[in-house]
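Peer 1: One predicted model, sequence on top.
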Amino acid sequence: MKTPLTTKSESVHHPRSVEQLIVGKETSDGAGVKLTRVLTQSLQRRLDPFLMLDAFGSDDPDDYIAGFPDHPHRGFETITYMLAGNMRHRDSAGHEGLLGNGGVQWMTAGSGVIHSEIPQQEAGVMEGFQLWLNLPARDKMCAPWYRDFGADDLPRYATEAGVAVTVIAGTSQGVAGAVTRDTTAPLYLDIHLPAGARFAQSLPATHNAFVYVYRGEVGIGGVKVPTQRMAILANDAQADGVVIEAAGDAKVLLVAGQPLNESIEQYGPFVMNTREEINQAVADYREGRLGATA
């Protein structure tokens with residue numbers, strides 16, 4: 001693994017507060033994979049441009065072995081981040097890849113793909129996240145795109161306080177992430193804080209943002225955020241970022257983005273702007289046009 005850069009933490013003078021703590025909903029998806037849906041459909045407007053965040057993690061193969069057989073998507077992007085385990089991706093656009101420990105798969109469904117995500121292990125821990133990022137109306141029918149990033153492909157840095165940061169998307173402390181997007185401007189960081197550390201990240205006041213704690217506990221603006229909780233950060237015109245503090249070792253995701261402020265129509269794996277577009281997506285899928293190659 002590449003040696004991370006060392007950088008000073010950014011200056012944040014008016015940090016955001018915690019608006020609300022969210023407990024994820026236990027559910028299953030695909031062929032019975034057990035997961036926790038942290039960002040649910042009811043939060044899509046509040047956390048625009050993000051549509052969903054699933055957290056999955058188990059050392060029981062029965063919880064994940066069947067994976068996610070062929071299923072369609074249209075109108076948004078999926079970002080899968082694997083902390084542990086191996087997942088094979090295949091899709092109707094001819095893409096195939098093996099996502100391993102610490103890797104990221106970024107897929108733009110656009111006009112439509114049919115893909116599968118199948119674990120490539122019969123034992124051990126399978127853990128990670130899938131984040132759904134909306135596409136603006138003008139790009140919803142763009143050509144599908146896909147890329148795998150191995151753990152060594154992801155930009156990293158460490159602060160002088162010993163905080164280790166992986167920059168999946170956006171820019172943090174001058175370090176550009178693996179992917180950038182002009183319209184939604186997503187920031188996606190995996191932040192590992194040693195005991196007693198403090199981390200500051202600047203954020204535009206117009207962006208929606210949240211923190212998900214997946215190890216330990218952190219403090220944000222005097223509010224304790226325990227493990228497996230999502231803290232929605234309050235929108236404040238005067239705020240210039242967020243400060244995260246850890247009394248003990250902790251690991252969190254920090255996600256932020258520019259809202260699209262467009263209508264959202266979702267039907268399962270399709271996210272469009274109007275009911276008519278959803279109906280068209282369903283018809284295209286049923287009639288074999290979605291994901292078909294020329």
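Peer 2: It's in.

Peer 1: Okay, strands next: where are they in the stretch 151-294 of the chain?
Peer 2: Assigned by DSSP state E, counting those that start in this stretch, the stretch 151-294 of the chain shows strands spanning 156-159, 164-169, 171-172, 175-176, 187-193, 198-202, 208-215, 218-220, 223-225, 229-233, 241-245, 250-257, 265-267, 270-272.

Peer 1: what's the answer for the stretch 1-150 of the chain, then?
Peer 2: 5-7, 18-23, 25-29, 33-39, 50-58, 68-73, 76-84, 87-91, 96-99, 104-108, 113-119, 126-134, 145-149.

Peer 1: possible to save those as JSON lines with mean pLDDT?
Peer 2: Converted to JSON lines, the strands of the stretch 1-150 of the chain look like this (pLDDT from 0 to 100):
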{"stretch": "strand 5-7", "mean pLDDT": "67"}
{"stretch": "strand 18-23", "mean pLDDT": "97"}
{"stretch": "strand 25-29", "mean pLDDT": "85"}
{"stretch": "strand 33-39", "mean pLDDT": "91"}
{"stretch": "strand 50-58", "mean pLDDT": "94"}
{"stretch": "strand 68-73", "mean pLDDT": "90"}
{"stretch": "strand 76-84", "mean pLDDT": "95"}
{"stretch": "strand 87-91", "mean pLDDT": "86"}
{"stretch": "strand 96-99", "mean pLDDT": "86"}
{"stretch": "strand 104-108", "mean pLDDT": "94"}
{"stretch": "strand 113-119", "mean pLDDT": "89"}
{"stretch": "strand 126-134", "mean pLDDT": "95"}
{"stretch": "strand 145-149", "mean pLDDT": "92"}
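
Peer 1: Now that we have the strands of the stretch 151-294 of the chain, can you turn them into TSV and tack on mean neighbour count and distance to residue 57?
Peer 2: Where C-beta positions appear, they are placed from N, C-alpha and C, glycine not excepted. Output for these, formatted as TSV (neighbours: other Cβ atoms under 10 Å; distance: least, Cβ to Cβ, whole Å):
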stretch	mean neighbour count	distance to residue 57
strand 156-159	18	22
strand 164-169	23	17
strand 171-172	19	25
strand 175-176	14	27
strand 187-193	23	14
strand 198-202	21	23
strand 208-215	22	8
strand 218-220	22	19
strand 223-225	17	18
strand 229-233	23	15
strand 241-245	20	21
strand 250-257	24	12
strand 265-267	16	25
strand 270-272	24	25
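
Peer 1: With mean pLDDT as added columns, please give those strands in a markdown table.
Peer 2: Converted to a markdown table, those look like this (pLDDT from 0 to 100):
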| stretch | mean pLDDT |
| --- | --- |
| strand 156-159 | 96 |
| strand 164-169 | 98 |
| strand 171-172 | 96 |
| strand 175-176 | 96 |
| strand 187-193 | 98 |
| strand 198-202 | 97 |
| strand 208-215 | 98 |
| strand 218-220 | 98 |
| strand 223-225 | 98 |
| strand 229-233 | 98 |
| strand 241-245 | 98 |
| strand 250-257 | 98 |
| strand 265-267 | 97 |
| strand 270-272 | 98 |
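
Peer 1: Turn those strands into CSV, including distance to residue 278.
Peer 2: Listed next are the strands of the stretch 151-294 of the chain as CSV, based on distance: least, Cβ to Cβ, whole Å:
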stretch, distance to residue 278
strand 156-159, 39
strand 164-169, 27
strand 171-172, 34
strand 175-176, 35
strand 187-193, 27
strand 198-202, 36
strand 208-215, 24
strand 218-220, 37
strand 223-225, 35
strand 229-233, 27
strand 241-245, 35
strand 250-257, 23
strand 265-267, 5
strand 270-272, 5
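
Peer 1: Quick check: which of those strands is nearest to residue 111?
Peer 2: Residue 111 lies closest, by Cβ to Cβ, to one member of the strands of the stretch 151-294 of the chain: strand 270-272, at 11.0 Å.

Peer 1: Which residues are in contact with residue 47?
Peer 2: Listed by Cβ atoms under 8 Å, 6 or more residues apart in numbering, the contact set of residue 47 reads 39, 208, 210, 232.

Peer 1: Closest one of these to residue 125?
Peer 2: Nearest to residue 125 among the contacts of residue 47: residue 39, at 22.9 Å, using Cβ to Cβ.

Peer 1: Could you tell me how many residues sit around the closest residue to residue 86 other than its chain neighbours?
Peer 2: For residue 86, ignoring the flanking residues on the chain, the nearest one in space by Cβ to Cβ, 6 or more residues apart in numbering is residue 120 at 4.1 Å. Neighbour count of residue 120, defined by other Cβ atoms under 10 Å: 13.
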